[in-house]
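Student: Sequence first, predicted coordinates after that:
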Amino acid sequence: MDFSFTDLMKRFWKYSWTIVLTMLVFAAAGFAYAKSAKTITNYSASRLVLVAKNNTDVKDPNSRFSADKSLLPTYQKLAQDDAIVSEVQKELPYTLSKQEISSAVVVENPVDTLMLSFKASGATPYKAKTLANIYADVFSNIAPQLYADMGKPDLLAKATGSDVTRSGMKSAKKLTVFGAVAGLIISMFIVLLTGIRRNYKEAKKQG
């Protein structure tokens, strides 16, 4: 049973109309989904907290920086402590479970800094910036009680409406292209599969 590359190309050409039609159908489906499906939009906002110790009168500031830098992963873990999450839950002006709070806040260390970024997501800009501000504020107050050698963190500027970023919008263009590509792959696979099956049957008849 022979099925050469030339035979494959001829078969693709023979059923090119089917392939094009399938691509158009899948592209249209992707476009229709992007336009009609419910779009889930999330907003995010961030607030920075400086966790460096005072380097005044320190003989080797570089060593102090390295020491503070090495503790940042510990502070990130500390920010997820139940005592902090529970207090955030109490201070929020809207209702969220502790699990929802933990899932909505990401604590990161910006590269080459001694700061922690509290990035919060929410269904509205207000909820996102409020959660980011309260979480950072609670952390700065409670974290030193949990880790006495930490020192008092310094809160930087509050997250405001201008800091909020929007995400989660469905792109009609991307989904249309995705649908067309999916249609191309599926149709070519079916053409290939039916060709192999046809050749197999003919070879079987010839004995």
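Tutor: Arrived safely, thanks for sending.
Student: which residues of this structure fall in strands?
Tutor: Secondary structure of the chain (DSSP state E): strands located at 42-50, 105-108, 115-122, 154-155, 165-167.
Student: Roughly how far does Ala172 sit from Gly30?
Tutor: According to Cβ to Cβ, to the nearest Å, Ala172 and Gly30 sit 8 Å apart. (C-beta placed from N, C-alpha, C; glycine too.)
Student: if you count what's nearby, which of the two comes out ahead?
Tutor: Neighbours were counted for Ala172 and for Gly30 using other Cβ atoms under 10 Å; Gly30 has more, 23 against 14.
Student: Pretty sure the more buried one sits against Leu175.
Tutor: Yes: with contact defined as Cβ atoms under 8 Å, Gly30 reaches Leu175; the gap is 3.9 Å.
Student: where do the helices sit along this protein?
Tutor: Secondary structure of the chain by DSSP state H: the helices cover 5-14, 16-36, 61-78, 82-91, 98-104, 125-146, 172-205.
Student: deepest of these, which one?
Tutor: Mean neighbour count (mean count of other Cβ atoms under 10 Å) peaks for helix 125-146 among those, with a mean of 21.
Student: so that helix versus strand 115-122, what angle?
Tutor: Computed by axes from the mean of the first three to the mean of the last three Cα atoms, to 10 degrees, the angle separating helix 125-146 from strand 115-122 equals 140 degrees.
Student: Report the mean per-residue pLDDT for helix 125-146.
Tutor: In this model, helix 125-146 has a mean pLDDT of 95.
Student: That helix vs helix 82-91, what angle?
Tutor: Interaxial angle, helix 125-146 versus helix 82-91 (the same axes, to 10 degrees): 140 degrees.
Student: Show me how far helix 125-146 is from its chain's centre.
Tutor: Its chain's C-alpha centre and that of helix 125-146 lie 22 Å apart, by Cα atoms, centre = their mean, to the nearest Å.
Student: Who are the packing partners of that helix?
Tutor: Helix 125-146 is packed against strand 42-50, helix 61-78, helix 82-91, helix 98-104, strand 105-108, strand 115-122, strand 154-155, with contacts defined by 3 or more Cβ pairs under 8 Å, 6 or more residues apart in numbering; DSSP states H and E.
Student: closest to Tyr200 out of these?
Tutor: For the helices and strands packed on helix 125-146, proximity to Tyr200 was assessed by Cβ to Cβ; strand 42-50 is nearest, at 51.0 Å.
Student: Low-confidence regions, the protein specifically.
Tutor: Low-confidence segments of the chain, defined by pLDDT under 70: 1-3, 37-40, 54-59, 61, 166-170, 207.
Student: cutoff 80 now
Tutor: 1-5, 7-8, 34-41, 53-64, 151, 161-172, 195, 198-207 (pLDDT under 80).
Student: Okay, domains of it per the record?
Tutor: For the chain, automatic domain parsing gives the domain ranges 5-38+171-205, 42-167.
Student: tell me how far the shortest one is from the chain's mean position?
Tutor: Going back to what we said before, that points to domain 5-38+171-205. 31 Å.
Student: contacting residues around Asp137?
Tutor: By Cβ atoms under 8 Å, 6 or more residues apart in numbering, the contact list for Asp137 reads 91, 155.
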